[in-house]
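>>> the sequence and its predicted three-dimensional model are supplied below.
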Number of protein chains: 2
Amino acid sequence: MKKFLNDPADVVREALAGVAAAHPELRVDLDQQFVVRADAPRAGKVGLVSGGGSGHEPLHGGFVGPGMLDAACPGEVFTSPVPDQIIAATKAVDGGAGVVHIVKNYTGDVMNFELAAELADDEGIRVETVLVDDDVAVEDSTWTAGRRGTGATLLVEKIAGALAEEGAPLADVAAVGRRVNERSASFAVALTACTTPAAGKPGFDLPADEIEVGVGIHGEPGRSRQQLRPAKEIAALVVEAILTAKPIPSGEPAIVLVNGLGATPLIELYLMFGEISRLLDEAGVGVARSLVGNYVTSLDMAGLSLTVCRVDDELLRLWDAPVRTPGLRWGA
Amino acid sequence: MKKFLNDPADVVREALAGVAAAHPELRVDLDQQFVVRADAPRAGKVGLVSGGGSGHEPLHGGFVGPGMLDAACPGEVFTSPVPDQIIAATKAVDGGAGVVHIVKNYTGDVMNFELAAELADDEGIRVETVLVDDDVAVEDSTWTAGRRGTGATLLVEKIAGALAEEGAPLADVAAVGRRVNERSASFAVALTACTTPAAGKPGFDLPADEIEVGVGIHGEPGRSRQQLRPAKEIAALVVEAILTAKPIPSGEPAIVLVNGLGATPLIELYLMFGEISRLLDEAGVGVARSLVGNYVTSLDMAGLSLTVCRVDDELLRLWDAPVRTPGLRWGA
């Protein structure tokens, strides 16, 4: 294993120390292990908390800031955050208007956020949960009942974050988050497996000429192993999987995220965006907004995911609203 | 080789098509192969043109936009752009106030930008050249006489771009770019070699337990091969190399860039930023601003570079000025 590490057991804590040093506009609680806007809690504003295992950076800690999350709880690498962390973050952002938990659909995450929501309720904090399960590759997976939560998490966090920033009430912020999730579909392809610091070796074996089609962000198996093939054909396969699972009526606009899983160079992501946007265009989907880069990663996995979210005017307006976080920033 | 590619010979052209599709705020000339602000040329504004071999994305095309570059000329992968490209981009951005060429110090780049500057002069366009040679690892290298140009290119483009945006004259814009280069030092460490699409295999052999200390962004040899060691020790080695080459008087402020070379996960970059900022602090360097992420990459190389630029109030002000590009964006 070749990584910039001291003791593999310390990687999350030490990376958080780096986040604290790099981002004075955020507050990092190194004891309870969460990242929070320095101005939290903001009276009257619905708080947004997300979290999950580390190793997917910039998700979630990199999306804390005005217009997006109020706090993020990073678990150990590929491990759910614990209820204590989540309740501490929930309290830290509660400004009296309630808190939305944005939870990717993995069994451990769901359970621990649920426990934290009950604890919050005991303390008089209203919590609404938005479950993200956008990955259309498989039903049920290694750590999931139902579909996995992946790339759409960024869109849910951005759009619900924008509505919360405008002062909308708890139910509305949760509702828009759920609407984004329902309208989103994601699908990923891996060229290589990733290596967690604790394991020290790749999470699965993938022959030199094969790709994992429909892979999960922890290296969970997809739909099939297939021969490596030209970019054009991989793009066709990914676009077809998405439009089959969640068809988009011709002429409808969408936000499109071509997301690197960690080790794929940006030049390849742009090449794939060219192929994908052409195919979407041919299928009658209007690419209203797009994002190309590494946003929801799997450590050093080579590969990419495509997320397509069918939008309306309100969702587009909220997408375009100012955001100021380490990982996503515009208009402010 | 596992990459998202069609024909390896088409990778740059096809990636540029993706850039065009993803960024309607930019104009991509697919014939002449350059990326330019859609509103170029802007009358009375000094134009900024950079470029170099592809494979270092988001450098340079991702840094085109208000507050930074007016145009970028991507050559083929790890290959200098040709004079025709550069002169076409130079003409496209000339608003009558002259054009600054920002050139990384590689023999081919220097020669081709020089030829283009002469052609521009023939056509009555004044060109000033800012040569970037910040990599303190070695004197002379595979494709370089003198020091290589690496991470500081981002700082030169950002700071000179901000001054040009304010309407400063040609000589001042070039002077501030040179000042940034003189005050900057960079040093990189590779954990793995990168693979160009054309070669199809890693550019050099690096045993599983060794690192290349002082590597170049095309995989050029550094100072030495050393045993892989804990992050703390690698951080110490990099910081020492930089402060030895360009000492910073105690208490002076600096901009610090911890830059991933492509395949290193963000969690490791933040961990290293934590180590590096602590060491700089102990050395009396004030980390006034910082940037952690993949900005000047080497395709899929695992590794990182550190760039430290000693700043004054003017440089800080220009660094903080609004910038709106695909790869760097704030305050606008």
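Arrived safely. Numbers count the residues shown, from 1 in each chain, chains lettered A, B, ... in the order given.
>>> center of chain A - which residue?
A:T153 (3.7 Å; CA atoms, centre = their mean).
>>> separation between the spatially closest residue to that residue that is not a sequence neighbour and A:F113?
In space, and not counting its chain neighbours, A:T153 is closest to A:V132: 4.9 Å by CB to CB, 6 or more residues apart in numbering or on different chains. C-betas here are computed from N, CA, C, even on glycine. Using CB to CB, to the nearest Å, A:V132 is found at 11 Å from A:F113.
>>> repeat for A:N259
23 Å.
>>> just A:L266 next, same as before
33 Å.
>>> okay, and the common contacts of A:V132 and A:F113?
A:V103 (CB atoms under 8 Å, 6 or more residues apart in numbering or on different chains).
>>> so where do the strands sit in the stretch 151-300 of chain A?
For the stretch 151-300 of chain A, applying DSSP state E, counting those that start in this stretch gives strands covering A:184-190, A:210-213, A:224-227, A:253-260, A:286-293.
>>> just those: most buried one?
strand A:184-190 (a mean of 28; mean count of other CB atoms under 10 Å in any protein chain shown).
>>> run through the neighbouring helices and strands of that one.
helix A:152-165, strand A:210-213, helix A:231-245, strand A:303-310 (3 or more CB pairs under 8 Å, 6 or more residues apart in numbering or on different chains; DSSP states H and E).
>>> now tabulate these in JSON lines and tack on distance to B:Y106 and mean pLDDT.
As requested, the helices and strands packed on strand A:184-190 are exported to JSON lines (distance: least, CB to CB, whole Å; pLDDT from 0 to 100):
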{"stretch": "helix A:152-165", "distance to B:Y106": "37", "mean pLDDT": "98"}
{"stretch": "strand A:210-213", "distance to B:Y106": "34", "mean pLDDT": "97"}
{"stretch": "helix A:231-245", "distance to B:Y106": "28", "mean pLDDT": "98"}
{"stretch": "strand A:303-310", "distance to B:Y106": "30", "mean pLDDT": "98"}
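>>> mind checking which of the ones you listed is nearest A:L279?
helix A:231-245 (4.4 Å; CB to CB).
>>> chain center to that closest one, what's the gap?
21 Å (CA atoms, centre = their mean, to the nearest Å).
>>> helices or strands up against that helix?
For helix A:231-245, the packing partners by 3+ CB pairs under 8 Å, 6+ apart are strand A:184-190, helix A:266-282, strand A:303-310.
>>> can you redo those as TSV with distance to A:I211?
Supplementary listing: the helices and strands packed on helix A:231-245 in TSV, determined by distance: least, CB to CB, whole Å:
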stretch	distance to A:I211
strand A:184-190	6
helix A:266-282	13
strand A:303-310	8
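>>> I'd like to know which of the ones you listed is closest to B:E182.
helix A:266-282 (29.2 Å).
>>> packing partners of the closest one?
Using 3+ CB pairs under 8 Å, 6+ apart, helix A:266-282 sits against helix A:231-245, strand A:253-260, strand A:286-293, strand A:303-310, helix B:11-22.
>>> so for it, mean pLDDT?
Throughout helix A:266-282, pLDDT has a mean value of 98.
>>> could you give the angle of that helix to strand A:184-190?
140 degrees (axes from the mean of the first three to the mean of the last three CA atoms, to 10 degrees).
>>> so which of the helices and strands packed on helix A:266-282 gets nearest A:Y270?
helix B:11-22 (3.6 Å).
>>> can you name the element that comes right after that closest one?
strand B:26-29 (DSSP states H and E).
>>> after that following strand, which helix or strand is next? Please name it.
strand B:34-37.
>>> can you give the strand pairings for that following strand, parallel or anti for each?
Next to strand B:34-37 in the sheet, as set by DSSP bridges, lie strand B:26-29 (antiparallel), strand B:71-77 (antiparallel).
>>> what would the ones you listed look like in JSON lines with mean neighbour count and mean pLDDT?
Converted to JSON lines, the strands paired with strand B:34-37 look like this (neighbours: other CB atoms under 10 Å in any protein chain shown; pLDDT from 0 to 100):
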{"stretch": "strand B:26-29", "mean neighbour count": "19", "mean pLDDT": "98"}
{"stretch": "strand B:71-77", "mean neighbour count": "26", "mean pLDDT": "98"}
